[in-house]
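Asker: fold the stuff below for me.
(chains A and B)
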There are 2 protein chains.
Amino acid sequence: METEIPSFEGPSCPIPLPHRERILMGHGSGGKMSHDLIMQVFNPPFSNSALDQGDDAGVVSVLPGNSMASTWNGRLAISTDSHVVWPLFFAGGDIGKLAVCGTVNDVAMMGAEPLYLSAGFILEEGLDIVTLHKVVTSMQAAAREAGVTIVAGDTKVVQKGKADSLYINTTGVGILPEGVEISGKNAQVGDVVILSGPIGAHGMAVLEARQELGFESQIQSDVAPLNHLVHAMLNESQRIHVLRDPTRGGLATTLNEIAKQSQVSILIDEITIPVEPAVAMACEMLGFDPLYVANEGKLVAIVEKTDSLAVLEAMRRSKYGTGAVIIGEIQSEPRGRVLMRTSFGSTRVMDMPSGELLPRIC
Amino acid sequence: METEIPSFEGPSCPIPLPHRERILMGHGSGGKMSHDLIMQVFNPPFSNSALDQGDDAGVVSVLPGNSMASTWNGRLAISTDSHVVWPLFFAGGDIGKLAVCGTVNDVAMMGAEPLYLSAGFILEEGLDIVTLHKVVTSMQAAAREAGVTIVAGDTKVVQKGKADSLYINTTGVGILPEGVEISGKNAQVGDVVILSGPIGAHGMAVLEARQELGFESQIQSDVAPLNHLVHAMLNESQRIHVLRDPTRGGLATTLNEIAKQSQVSILIDEITIPVEPAVAMACEMLGFDPLYVANEGKLVAIVEKTDSLAVLEAMRRSKYGTGAVIIGEIQSEPRGRVLMRTSFGSTRVMDMPSGELLPRIC
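Answerer: Numbering: from 1, shown residues only, chains lettered A, B, ... in the order given. Next up, the predicted model:
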């Protein structure tokens, strides 16, 4: 059985043979080979006025032309993520799409409007340049959908055996509108917990790409930029207290983080948590609990009860929130813990995982 | 001969044994082990109000309390660099200091005031946690000297053999004062080229740490944050057209980039370019040209002739500019080329290097 790279929709690789074949150490030299790689692989898809200057930093503006300019009080949200997912390509996405969406989402989870990204690549000597081109083009497509611009970049090359094809760091900068105060610390007793859709698809899609499922499923990663969904939610309510995307460690880990940060208890109804049948089946066969499996296009919102139905409706009208459901509520005790009412009617503690379930899932 | 890790000045590692010994895959899980690593290794040195929130992004302000607030027109400079230097420790610095200074300097080279950094770590399974702690503490010391705050972080762990101890991405955000227009495109015929001090030390210090010199030298890397130097220069003159730090590929590569971006010719006098005797000797013995060797604490400034002496004096009064000298001037022809008047009186073209001289120097 061969590992198949999903077919790639996009412009063909513009690099003339024979230089297109493999990454060499010289591509990391800072000299002519680096320059050519940047000009041929990175700049054509990413092209924008800040990046095209070719200076040491991208110069951008956060004030003029932005609708919030008159009320903006100078706050930025800054987030960073290094992406080491293996394999690079999986059903529904690839490391490039993941690198853009992951950071866009982290900025959006503060209620901020992501505007700019940087992208830092660590390339392994010997990497196929066509593969790199596919990843870069996928990043640009994701950036376009999210409405963010990649304004700074960097490329390093390490010897064969000192990385695993390629790693991508993205760092995002967004502006935070006046009055928005969203944090994992802000969950309050009585608040409602909303989940934007079915969980566990990303982790299982990556496992399938590793051929660890042992059978063929139709599972697609949910990787998606959530900033437009967040925008729609914030337009609907000013009483959204917490937003977070349940990535590594899954929904259970995210809820535990929030319970600890806010010093509250989160009570979840197991029966309300959506899991696609294919994901549920794959999890059951492999012994995974979908509550602990990574998502890359879902969010948890903790919202004041009065606004919860309006927020839910707004989410369902947005592309990546059509499957939104209420899954629980905030209680006072036991502080810092997540409880789950099971389908059998009992209640159990949903702990934070201690070790590693799925390495290199993002 | 054993590789010796330079003695480390700083607080001792706070992690209780036996957990302190090695990075495990579980430290990248996003669960409890990740949480403990962050709380014990990263947060104590980096602690600040944005990072301590523990949210998906650090929230910071670029307006209030800043002296430029009233005139700032909303421009930011954003720069990113992944650092893969090997070995991690070398005379004069380490990967942590390098990661902070490298990005601070790239932001400063736009004439911007660096304020915030993100830090993304890729850790190899099996990494000694005491080593990580040394690197993180060194980052914080460098950040303190530069006056920047690390407001967002991320940690990923990859299997043994999929990285080389650790890699660090830093991304920097700085505000660009009104009226500052510095770019590699802005060199003008008649401008003067100033170099902030002797070249080649960083590259040779790293080679010594690799024990490739074959003898013991006293060479120390020049790695340093240059933002205060740039600040002093901009206070002196509004006629600084280009600033750039000659890192990978050295002074020759940087001058070539500027010549191409500005479509001018740069004429350099070989005899004016300072090289420390130990660096010159090491380069000669190993067959390196110091013009092509990496620096991490030097800058090139291209300044209007009328202001060049005032800028030079301001540089010499600043800690990292005491060795500043005028090394050349901008001419019109041949466009895009760098020429060097040698000590023998002849003139030769100083090309951009095509391949890789010193892999993983930064």
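Asker: give me the secondary structure label for residue A:295.
Answerer: coil (DSSP: H, G, I helix; E, B strand; the rest coil).
Asker: tell me the pLDDT of it.
Answerer: You'll see residue A:295 listed with a pLDDT of 98.
Asker: ok, residue A:313 - contacts?
Answerer: Residue A:313 makes contact with residue A:236 under the criterion C-beta atoms under 8 Å, 6 or more residues apart in numbering or on different chains. (Glycine included, C-beta is placed from N, CA and C.)
Asker: state the distance from it to residue A:196.
Answerer: Using C-beta to C-beta, to the nearest Å, residue A:313 is found at 13 Å from residue A:196.
Asker: swap in residue A:179?
Answerer: Counting by C-beta to C-beta, the gap from residue A:179 to residue A:196 is 23 Å.
Asker: who has more neighbours out of the two?
Answerer: Just comparing residue A:179 and residue A:196: by other C-beta atoms under 10 Å in any protein chain shown the higher neighbour count belongs to residue A:196, 31 against 10.
Asker: that one contacts residue A:321, correct?
Answerer: Yes - Residue A:196 lies in contact with residue A:321 (C-beta atoms under 8 Å); the separation is 4.7 Å.
Asker: the bottom helix or strand of chain A by mean pLDDT?
Answerer: Using mean pLDDT, DSSP states H and E, helix A:32-37 stands out as the lowest-scoring helix or strand of chain A, at a mean of 89.
Asker: so what touches that helix?
Answerer: Residues lying outside helix A:32-37 but in contact with it, judged by C-beta under 8 Å, 6+ apart, are A:19, A:23-24, A:26-28, A:129, A:155, B:248-249, B:257, B:352-356.
Asker: now the two most distant members of these.
Answerer: Maximum pairwise distance in the contacts of helix A:32-37, criterion C-beta to C-beta, is 22.4 Å, between A:129 and B:257.
Asker: out of those two, which sits in the busier spot?
Answerer: Per other C-beta under 10 Å, whichever of residue A:129 and residue B:257 has more neighbours is residue B:257, with 23 against 20.
Asker: so how far is residue B:242 from the more buried one?
Answerer: Note on residue B:257: its distance to residue B:242, by C-beta to C-beta, is 10 Å.
Asker: list residues touching both of the two?
Answerer: residue B:184.
Asker: still on that earlier bit, okay, and the common contacts of residue A:196 and residue A:321?
Answerer: A:229, A:315.
Asker: how about stretch A:125-138 against chain B, any contact?
Answerer: No - Stretch A:125-138 stays clear of chain B (C-beta under 8 Å from any C-beta of the partner chain), getting no nearer than 8.9 Å.
Asker: same question for stretch A:255-274.
Answerer: Yes - interface with chain B: stretch A:255-274 contributes A:257, A:261 (C-beta under 8 Å from any C-beta).
Asker: residue A:277: neighbouring residues, count only.
Answerer: Neighbours of residue A:277 using other C-beta under 10 Å come to 10.
Asker: could you report the neighbour count for residue A:164?
Answerer: Neighbour tally, residue A:164, other C-beta under 10 Å: 20.
Asker: excluding chain neighbours, what is closest to it?
Answerer: Spatially, and ignoring its direct neighbours in sequence, residue A:164 is nearest to residue B:162 (4.4 Å; C-beta to C-beta, 6 or more residues apart in numbering or on different chains).
Asker: with residue A:288 instead?
Answerer: Nearest one to residue A:288, counting by C-beta to C-beta, 6+ apart, is residue A:357 at 7.0 Å.
Asker: I figured the one you found hits residue A:292, correct?
Answerer: Yes - the pair residue A:357 / residue A:292 is scored as a contact, 5.7 Å apart, by C-beta under 8 Å.
Asker: identify the contacts common to the two.
Answerer: Jointly contacting residue A:357 and residue A:292 under the rule C-beta under 8 Å, 6+ apart are residue A:249.
Asker: neighbour-wise, which of these two wins?
Answerer: Neighbour tally, residue A:357 and residue A:292, criterion other C-beta under 10 Å: the higher count belongs to residue A:292, 26 against 21.
Asker: I'd like the distance between that one and chain B.
Answerer: Distance, residue A:292 to chain B, by C-beta to the nearest C-beta, to the nearest Å: 8 Å.
Asker: so what's that residue up against?
Answerer: Contacts of residue A:292 by C-beta under 8 Å, 6+ apart are A:249, A:250, A:251, A:252, A:253, A:353, A:357.
Asker: how about those residues, which pair is most distant?
Answerer: Farthest apart among those by C-beta to C-beta are A:251 and A:357. That separation is 12.8 Å.
Asker: show me what contacts residue A:316?
Answerer: Residues counted as contacts of residue A:316 (C-beta under 8 Å, 6+ apart) are A:322, A:323, A:324.
Asker: same question, residue A:186
Answerer: Applying C-beta under 8 Å, 6+ apart, the residues contacting residue A:186 are A:241, A:242, A:262, A:302.
Asker: same check, this time on residue A:305
Answerer: A:190, A:191, A:192, A:329.
Asker: wasn't the first one part of a helix?
Answerer: What it means is residue A:190. No - Residue A:190: not assigned to a helix; according to three-state DSSP it is coil.
Asker: so it sits right up against residue A:329, yeah?
Answerer: Yes - using C-beta under 8 Å, residue A:190 makes contact with residue A:329 at a distance of 7.2 Å.
Asker: ok, the two, which is more surrounded?
Answerer: In this view residue A:190 and residue A:329 are compared by other C-beta under 10 Å, and residue A:329 has more residues nearby, 18 against 13.
Asker: bridging residues for that one?
Answerer: residue A:192, residue A:267 (DSSP bridges).
Asker: these two touch, right, it and residue A:187?
Answerer: No - using C-beta under 8 Å as the test, residue A:329 is too far from residue A:187 to be in contact (10.0 Å).
Asker: quickly list what's touching both of these two.
Answerer: Taking C-beta under 8 Å, 6+ apart as the contact rule, residue A:329 and residue A:187 both touch residue A:266.
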